[in-house]
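Colleague: Structure, please.
(one chain, ligands or ions: 1)
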Amino acid sequence: MTHFYQRLSSFARQLSTSMLLRNLLLFVLWLAVWMLGLLVEYTEHASVWFPAAGLTFAALFIVGVRAIPALLSACVLITFWAGHYYQLQLDSWQLLQGGLLFGVAHIIPYYAGARILRQLANRGQFNLPLFVIGFLLIAALSSILATIAVIAALVLSAMLPFSAISSTWLPFWIGDLAGVVVIAPLFASVLSVLYPAPKFVLENYIGPQQRIATAQFKYKLALTLSLLTLAMLLAWYANTPESAFAVFFLVIPHMWIACTESAFFNAVSVALSSFFIALLVNLLALMDYVMVYQFAINVIAANALFALAVPTLTAANYQLRLIAATDSLTQVASRDHLQQRAELEISRCLEQAQPLCLMVFDIDHFKQINDQLGHSVGDQVLQQACQVTQHLLRPTDVIGRYGGDEFVVILPNTEQDAVVAIGQRIIERLLQIELADQLQVSASFGVAALQSGDSFRSLFERADSALYRAKQQGRSQVAWH
Ligand SMILES: Nc1nc2c(ncn2[C@@H]2O[C@H](COP(=O)(O)OP(=O)(O)OP(=O)(O)O)[C@@H](O)[C@H]2O)c(=O)[nH]1
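Modeller: Coordinates of the predicted model:
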């Protein structure tokens, strides 16, 4: 696969020199993809999915207006072909008019949708979950608009009887939507190679570095396609509408692929599954349940796309939790987080009859440091005091900022004597910090040991009253309750 992409990239480089060649390629590609849709057509003008809509959307998204000549010419040519295929009683002039009308009706809604999505992608920070949701909504809206416009164009050019509108619009829309949701991500990725340097960072998500499959990808894909075939054979054998719904279980292997493979191979697997569904509907003559399969294609693709956003959402959640749990200046625990951890440790130590101490300390004459040396030096002193303390603690101890220049340390499984000694060692280290104006950094400490029936509040109050005593007795010392 990697080798294939190297070759594709060098071909793309050659193509990038000629705009005409690229448009020709887009034209041929669109016709080929249209034919692919026809392969799985179940009634006139309605196939299980319409992949050409996906290519139109992807081309307008990546290439923009420059793709319109190729797309419009392809729409006209396909109308001539359709006139012949469906044996319509229309002359060349009528077919040309019909083709242009179809092209305009097909292209404008997707152009509008692609432009809005581009703007979303260009706006500030690229946010993948927002982009995926935006894409799904825009795909639904632009495909319904394209459906309305194209049906109107077909009726106007006498290619579709007026009476067929009510039975055609829904399968037509769902087929178009499936085409966009399934095919557009894949073709956007391929076209971004042919038309390099789109203004936004799509490359980060479906770019070349994402085009590496894990060694297990083909097994996962084979398993998914086998399960898909099995589910559809079951529907064929059972011959009941309910059995057709088994295909929705395919969401699970697709989520698995989406969570473990790159975005590009996620798009490849969704496209292949959708094609298989459409093909099997035809081969197994499952036309009676075709709407179930159309919905299944959309649900599987939308789910797999949304799964791409899951790691980003998880990371954002983690980041938010981290921010809430950390004091931004000193990077020790925030007051709330400290209190939660303290309550947990207290109940655990009470239950297991283990010792626990709470130590509270406050920088001495901190206001003077701020006033004489400035707030930024004051901030540095707070940071250094935390670093010094953390160096002397064990990983199981928790230090948090209680407010201003006051800090609390929870030391589970530790006796009071050991905590008093730690406090004294912190004082020694703080005194070594060099400040201008012959100022010194020192702190006063209060220590309290856990007693039965204690809560965080009662333990803290005892330690705080010991701290008050340390301040009263001349500061830079440890007092205990
Ligand atoms: N630089 C800085 N100063 C802060 C911050 N938060 C609180 N302060 C200041 O810390 C000082 C706290 O002073 P106190 O604890 O009341 O008194 P003190 O000067 O330390 O005196 P004693 O505690 O009695 O030794 C106040 O001047 C606050 O403005 C901070 O995040 N950064």
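Colleague: Tell me which residues touch the residue in the chain positioned nearest to the ligand, please.
Modeller: Across the chain, the shortest distance to the ligand (C-beta to the nearest ligand atom) belongs to Gly378, at 2.7 Å. C-beta coordinates here come from the backbone N, C-alpha and C atoms, glycine included. By C-beta atoms under 8 Å, 6 or more residues apart in numbering, the contact set of Gly378 is Phe366, Ile369, Asn370.
Colleague: Can you list the buried residues in the secondary structure element (helix or strand) that it belongs to?
Modeller: Secondary structure from DSSP states H and E places Gly378 in helix 375-392. If you call a residue buried by 16 or more other C-beta atoms under 10 Å, then helix 375-392 has these buried ones: Gly378, Gln380, Val381, Leu382, Gln384, Ala385, Cys386, Val388, Thr389.
Colleague: do the same with stretch 252-269
Modeller: In stretch 252-269, counting by 16+ other C-beta under 10 Å, buried: 253-258, 261-269.
Colleague: Turn the buried residues of helix 375-392 into JSON lines, columns for pLDDT.
Modeller: Listed next are the buried residues of helix 375-392 as JSON lines, based on pLDDT from 0 to 100:
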{"residue": "Gly378", "pLDDT": "96"}
{"residue": "Gln380", "pLDDT": "96"}
{"residue": "Val381", "pLDDT": "96"}
{"residue": "Leu382", "pLDDT": "97"}
{"residue": "Gln384", "pLDDT": "96"}
{"residue": "Ala385", "pLDDT": "96"}
{"residue": "Cys386", "pLDDT": "97"}
{"residue": "Val388", "pLDDT": "95"}
{"residue": "Thr389", "pLDDT": "96"}
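Colleague: I'd like to know which of the residues you listed is nearest to Gly400.
Modeller: Nearest to Gly400, judged by C-beta to C-beta, of these is Cys386 at 9.8 Å.
Colleague: you'd agree the closest one is up against Phe407?
Modeller: Yes. Assessed by C-beta atoms under 8 Å, Cys386 is found in contact with Phe407 at 7.1 Å.
Colleague: which neighbours do these two share?
Modeller: Val332, Ile399, Arg401.
Colleague: Just the CA atoms of whichever strand or helix holds the last one, as PDB, please.
Modeller: Assignment of secondary structure by DSSP H and E places Arg401 within strand 398-403. Once side chains and other backbone atoms are set aside, the C-alpha atoms of strand 398-403 remain, and they are given as PDB (Å, rounded to 0.1, in the frame of the first residue of the first chain):
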ATOM      1  CA  VAL A 398      -0.200  14.900  47.800                       C
ATOM      2  CA  ILE A 399       0.600  18.600  47.800                       C
ATOM      3  CA  GLY A 400      -2.000  21.200  47.000                       C
ATOM      4  CA  ARG A 401      -2.300  24.900  47.000                       C
ATOM      5  CA  TYR A 402      -4.900  25.900  49.600                       C
ATOM      6  CA  GLY A 403      -4.900  29.600  48.600                       C
END
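Colleague: Whichever helix or strand comes after that strand near the ligand at all?
Modeller: As assigned by DSSP H and E, the chain's next helix or strand after strand 398-403 is strand 406-412. No. Strand 406-412 is not in contact with the ligand by C-beta under 6 Å from any ligand atom; minimum separation 6.9 Å.
Colleague: From the chain's centroid, how far away is strand 406-412?
Modeller: Taking C-alpha atoms, centre = their mean, to the nearest Å, one finds the center of strand 406-412 at 38 Å from the center of the full chain.
Colleague: Direction included, what does it pair against?
Modeller: strand 356-363 (antiparallel), strand 398-403 (antiparallel) (DSSP bridges).
Colleague: Tell me the buried residues in whichever helix or strand comes after that strand?
Modeller: The helix or strand immediately downstream of strand 406-412 is helix 416-431, counting by DSSP H and E. Neighbour-count burial for helix 416-431 flags Gln416, Val419, Val420, Ile422, Gly423, Ile426, Ile427, Arg429, Leu430 (criterion: 16+ other C-beta under 10 Å).
Colleague: Just list the residues touching the fourth one, thanks.
Modeller: Residues in contact with Ile422, defined by C-beta under 8 Å, 6+ apart, are Met359, Leu392, Leu393, Leu411.
Colleague: Going by distance to Val182, which of the residues you listed wins?
Modeller: Once C-beta to C-beta is applied, the member of these that ends up nearest Val182 is Leu393, at 54.7 Å.
Colleague: contacting residues around the residue most central in space within the chain?
Modeller: The centroid of the chain falls nearest to Ala309 when counting by C-alpha atoms, centre = their mean (1.6 Å). Residues near Ala309 by C-beta under 8 Å, 6+ apart: Leu128, Pro129, Phe131, Val132, Ile133.
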